[in-house]
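> A predicted structure for the sequence below; I have some questions about it.
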Amino acid sequence: MKIIILSRSANYYSTKRLVQEAKHPRHQALVIDPLDCHLSVKEGVFAVYALSGKFDLSGFDVVIPRLGIIGVDYGLLVVRQFELMENYVLNSSQSLSNAKNKFFALQVLAKAGLPIPQTMMVHNLQNIKEVVKKLGGLPVVLKLFRGSQGKGVILSENLSSLESILTAVWAIGYDIILQKYYPETRGEDIRILVLGDKIIGAMRRIPKKGEFRSNIHQGGKMKKVNLSHEEKDLAIRAVRVLGLNLAGVDIMRTSKGTLILEVNGSPGFEGLEKITGANIARQIIDFATSV
């Protein structure tokens, strides 16, 4: 099959691994930067051109989107265009949009009855003390609507800094959510990689000293982890209700039970391949080319 991998760079670990594993079963894989795509629409006809409009991408079979936070809205339109061209897309534009907006994703998860951290969204400083009180007091966790690799996540430990951060974020036109901080976790969480209805990898992430974010890109350490039946079920259900086929589900173990932090529709898997020894890239290629 002919596969397109939508990625900002062919040098990202996960992108390189997908290309490597696609070649083994004699598939053809091409990495395309979604921001380099030109989209064309007219009555009943849809086309995508790459390489500054010189290369027609209409002859491909499978699209694997790997969208980051830069140019995400344009990237979603590119994914949608391939859907309209009747290509098989591993994660649909709608499912990716569901997951990219952190608050919308939490709304969907909460509606499905899945456990999430206590979360609030506000757009002014009126009664901010009452908001903090409802979240169990300071510190509180702040998260930009769209972020990855721990970027856009802040722990605010006093009211003055909280007000300053909120004011600055709103001033540049961004939205942000506030979440309860669970000190008993010590910043640790668990990343679970789900493909279809199967868990293909999991690891515990531990933040470096002086840091509360556990992401590997923020210096966090990886360790093997054993998941309970409940945790496996929660991860698979979270991916299903958001409409994704491939996703990284982040959970944390608290005194109130296991909570789903967020779901990533374009998960990296460098750490998971290293810690588990599993050939995750091959499993993704096999799944995408067998549907």
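Great, that's in hand.

> Give me the contact list for the helix or strand containing residue 120.
Using DSSP states H and E, residue 120 falls within strand 119-121. Residues outside strand 119-121 that contact it (Cβ atoms under 8 Å, 6 or more residues apart in numbering) are 103, 106, 131, 134, 135, 175, 176, 177, 178, 179, 180. C-beta here means a position set from N, CA and C on the backbone, and glycine is covered the same way.

> So what does the residue of the chain most remote from its centre have for phi and psi?
Distance to the chain centre peaks in the chain at residue 43, reaching 33.9 Å (criterion: Cα atoms, centre = their mean). When read as degrees, to the nearest 10, the backbone of residue 43 gives phi -50, psi 100.

> What distance do you get for it to residue 94?
23 Å (Cβ to Cβ, to the nearest Å).

> before we move on, what about residue 50?
Using Cβ to Cβ, residue 50 is found at 23 Å from residue 94.

> wait, doesn't residue 90 sit right on residue 62?
Yes. Look at residue 90 against residue 62 with Cβ atoms under 8 Å: they come within range, at 7.3 Å.

> what do the two both touch?
residue 288.

> Counting neighbours, go ahead and name the busier of these two.
Taking other Cβ atoms under 10 Å, residue 90 and residue 62 do not tie; residue 90 has more neighbours (27 against 22).

> residue contacts, the more buried one?
Contacts for residue 90 (Cβ under 8 Å, 6+ apart) come out as 62, 63, 64, 65, 245, 246, 284, 287, 288.

> JSON lines for these, including distance to residue 33?
Listed next are these as JSON lines, based on distance: Cβ to Cβ, whole Å:
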{"residue": "62", "distance to residue 33": "18"}
{"residue": "63", "distance to residue 33": "14"}
{"residue": "64", "distance to residue 33": "14"}
{"residue": "65", "distance to residue 33": "12"}
{"residue": "245", "distance to residue 33": "22"}
{"residue": "246", "distance to residue 33": "20"}
{"residue": "284", "distance to residue 33": "20"}
{"residue": "287", "distance to residue 33": "24"}
{"residue": "288", "distance to residue 33": "19"}
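
> From those residues, which land in strands?
62, 63, 64, 65, 246 (DSSP state E).

> on that earlier part again, filter the contacts of strand 119-121 down to the buried ones.
By neighbour count, with 16 or more other Cβ atoms under 10 Å, the contacts of strand 119-121 hold 106, 131, 135, 176, 177, 178, 179, 180 as buried.

> Low-confidence ranges, the stretch 101-250 of the chain, go.
By pLDDT under 70, the low-scoring segments of the stretch 101-250 of the chain are 146-150, 210-219.

> for it, what spans make up the helices?
Ranges of helices within the stretch 101-250 of the chain are 102-111, 128-134, 159-171, 229-241, based on DSSP state H, counting those that start in this stretch.

> I'd like a version of these in a markdown table, one that adds distance to residue 31 as further columns.
Output for those, formatted as a markdown table (distance: least, Cβ to Cβ, whole Å):
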| stretch | distance to residue 31 |
| --- | --- |
| helix 102-111 | 27 |
| helix 128-134 | 44 |
| helix 159-171 | 33 |
| helix 229-241 | 25 |
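
> Restrict stretch 134-152 to CA atoms and write it as PDB.
The C-alpha coordinates for stretch 134-152 follow below in PDB (Å, rounded to 0.1, in the frame of the first residue of the first chain):
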ATOM      1  CA  LYS A 134     -13.900  24.700  44.500                       C
ATOM      2  CA  LEU A 135     -10.700  23.100  43.200                       C
ATOM      3  CA  GLY A 136      -9.500  22.300  46.700                       C
ATOM      4  CA  GLY A 137      -7.300  25.300  47.100                       C
ATOM      5  CA  LEU A 138      -3.800  26.200  46.000                       C
ATOM      6  CA  PRO A 139      -1.800  25.000  44.100                       C
ATOM      7  CA  VAL A 140      -3.900  24.500  41.000                       C
ATOM      8  CA  VAL A 141      -2.800  23.200  37.600                       C
ATOM      9  CA  LEU A 142      -3.300  25.400  34.500                       C
ATOM     10  CA  LYS A 143      -3.400  23.900  31.000                       C
ATOM     11  CA  LEU A 144      -3.700  25.700  27.700                       C
ATOM     12  CA  PHE A 145      -6.400  24.300  25.500                       C
ATOM     13  CA  ARG A 146      -3.800  22.900  23.100                       C
ATOM     14  CA  GLY A 147      -0.400  21.700  24.200                       C
ATOM     15  CA  SER A 148       1.800  18.700  24.000                       C
ATOM     16  CA  GLN A 149       5.000  17.300  25.700                       C
ATOM     17  CA  GLY A 150       4.100  19.200  28.900                       C
ATOM     18  CA  LYS A 151       4.200  22.600  27.200                       C
ATOM     19  CA  GLY A 152       1.500  25.000  28.200                       C
END
